[in-house]
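> Take a look and give me a structure for this.
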Amino acid sequence: MCYQTTLLDLAHNKPLVIVLSGPSGVGKDSVLKAMQSRGLAFHFVVTSTDRKPRVGEVNGVDYNFISTEQFRRMIDKDEFIEYAEVYGDLKGVPKSQINDALASGKDVVLRLDVQGAARLRQLFPESIQIFLVPENEEKWRDRFISRKTETAEMLQQRMNIAHEELQRVNEFDYVVVNCTDCLDITVNQLASIIEAEHLKVRSGS
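Below is the predicted model:
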């Protein structure tokens, strides 16, 4: 992909805040890692959480894993743009990462659950919100099971909540189907959306 700087770029090509969301188990983490592996010129915001790392997760890459006490201190100091309790775990987006990224001129990519995406939409109405959906129920359930992090009861609870989250797709700007073993296609579609948004003429620019 070839990029050229023009006077039009300087006038209109401002950094974007891009929210990657969707129901639990849709593969947001896998999509984000695939985007990172391409070395695209984005700032990927690392969410802070007080939950324990899963097998293979890396601190500072997948999440910033901190204690509940530290998380609470950050809340008291108003250091999060948004935070919420998700399935019993605290998750939040630090203000400093987004502010630093926007100041650098890079697009900002955030991975958020549906609840977090709604909150960020209030704070950044201009954000580009993309909703990932699974290709079918069977593959979706297989993703949950393969994580081996939930009991049967927890799995059913997550599936029920995820079905409710799917009903909120109309709150988003774009919807992308994340098919199993088709990460390249998903990332290509996301890259096309972001490129198109940079070419869009916005009033007041």
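> List the buried residues of the helix ranked longest in the chain.
Using DSSP state H to define each element, the chain has its longest helix at helix 183-199. For helix 183-199, the neighbour count (16 or more other Cβ atoms under 10 Å) marks 183, 186, 187, 189, 190, 194 as buried. C-beta here means a position set from N, CA and C on the backbone, and glycine is covered the same way.
> and the fifth one, what does it touch?
This means residue 190. Applying Cβ atoms under 8 Å, 6 or more residues apart in numbering to residue 190 gives the contacts 20, 31, 35, 130, 176.
> which one among those residues gets closest to residue 91?
residue 20 (14.2 Å; Cβ to Cβ).
> Which stretches in this structure count as helices?
Counting by DSSP H, residue ranges of the helices within the chain are 7-12, 28-37, 68-76, 95-104, 114-123, 137-147, 152-166, 183-199.
> want to throw those helices into a markdown table with mean pLDDT and distance to residue 44?
Putting these into a markdown table (pLDDT from 0 to 100; distance: least, Cβ to Cβ, whole Å) gives the following:
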| stretch | mean pLDDT | distance to residue 44 |
| --- | --- | --- |
| helix 7-12 | 47 | 23 |
| helix 28-37 | 89 | 6 |
| helix 68-76 | 96 | 19 |
| helix 95-104 | 83 | 9 |
| helix 114-123 | 90 | 15 |
| helix 137-147 | 73 | 21 |
| helix 152-166 | 81 | 22 |
| helix 183-199 | 93 | 12 |
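> Include distance to residue 62 when you put those into CSV, please.
CSV is the format used below for the helices of the chain (distance: least, Cβ to Cβ, whole Å):
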stretch, distance to residue 62
helix 7-12, 33
helix 28-37, 7
helix 68-76, 16
helix 95-104, 14
helix 114-123, 16
helix 137-147, 13
helix 152-166, 19
helix 183-199, 16
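> Of all the ones you listed, which one is nearest residue 58?
Across those, closest to residue 58 is helix 28-37 (Cβ to Cβ), at 10.3 Å.
> Which positions in that closest one come out as buried?
Buried residues in helix 28-37 (16+ other Cβ under 10 Å): 28, 31, 32, 33, 35.
> residues contacting the residue nearest in space to the middle of the chain?
Nearest to the geometric centre of the chain sits residue 111, at 1.4 Å (Cα atoms, centre = their mean). Contact partners of residue 111, counting by Cβ under 8 Å, 6+ apart, are 20, 21, 28, 29, 32, 45, 47.
> Ok, residue 160 next?
Counting by Cβ under 8 Å, 6+ apart, residue 160 touches no other residue.
> can you check residue 177 too?
So residue 177 contacts 132, 133, 134, 135, 186 (Cβ under 8 Å, 6+ apart).
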